[in-house]
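Participant: When you get a sec, could you give me coordinates for this:
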Amino acid sequence: MGKFQSTKLFDGFSCVFRQWKAENTHCRFMHGYGISFRVWFEGGLDDRNWVWDFGGMKRAQTKIDGMNPKTWMDYMFDHTLIVAEDDPFINAFKNMDEAGVAQVRVIPATGAEKFAEFIFNKLNTFVQTETDSRVRVAKVEFMEHGKNTAIYEG
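Facilitator: Presented below is the predicted three-dimensional model:
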């Protein structure tokens, strides 16, 4: 029996981050991107013959970190400063958040590859729960300004 896939592009996000371990490149400095990510949904069809309800992120009953998925995406990626949890200047970034000059989000690691993995893990858990394991996320492609992309496959 064949398998079905569908994709959805989530875009319109702006965020700033740095890759503090990139010592010999300008990527160690804070820099911003217009970002987007494409998600591949894979699984059996529902009673409407859909793998995934493209409006399902708004109508979902399942939460991501206590938020509906669309709210979570905005919270994480819309006008935010994303910091790796092991960044040696994390306290300075947290002070910026507390002062109200930045919306700081702390995640395990930064960079396109790690963002793809982070989004994959969050959305795959959400999708499997929401569909009683009928659907899974097959992969996530993270895009920086449409020119640089990284893909994480589960």
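Participant: For this structure, just list every one of the strands.
Facilitator: For the chain, strands defined by DSSP state E occupy the ranges 4-17, 31-43, 78-84, 104-107, 135-144, 148-153.
Participant: just how off-centre is the second one within its chain?
Facilitator: Counting by Cα atoms, centre = their mean, to the nearest Å, strand 31-43 is centred 7 Å from the centre of its parent chain.
Participant: just use 13 as the starting number from now, easier for me
Facilitator: Got it, first residue is 13 now, which makes that one strand 43-55.
Participant: in that strand, what counts as buried?
Facilitator: Buried residues in strand 43-55, defined by neighbour count with 16 or more other Cβ atoms under 10 Å: 45, 47, 48, 49, 50, 51, 52, 53, 54, 55. All C-beta spots, glycine's among them, are computed from the backbone N, C-alpha and C.
Participant: now for the helix or strand of the chain with the lowest mean pLDDT, which elements pack on it?
Facilitator: Within the chain, confidence by mean pLDDT, DSSP states H and E is lowest for helix 68-71 among all helices and strands, at a mean of 82. Helices and strands touching helix 68-71, by 3 or more Cβ pairs under 8 Å, 6 or more residues apart in numbering; DSSP states H and E, are helix 81-89.
Participant: Would you mind finding the most buried of the strands of the chain?
Facilitator: With neighbours taken as mean count of other Cβ atoms under 10 Å, the strands of the chain reach their highest mean count in strand 147-156, at a mean of 21.
Participant: what sits up against that one?
Facilitator: Applying Cβ atoms under 8 Å, 6 or more residues apart in numbering, the contact partners of strand 147-156 are 17, 45, 47-56, 63-64, 124-125, 127-129, 131-132, 135-136, 139-140, 161-166.
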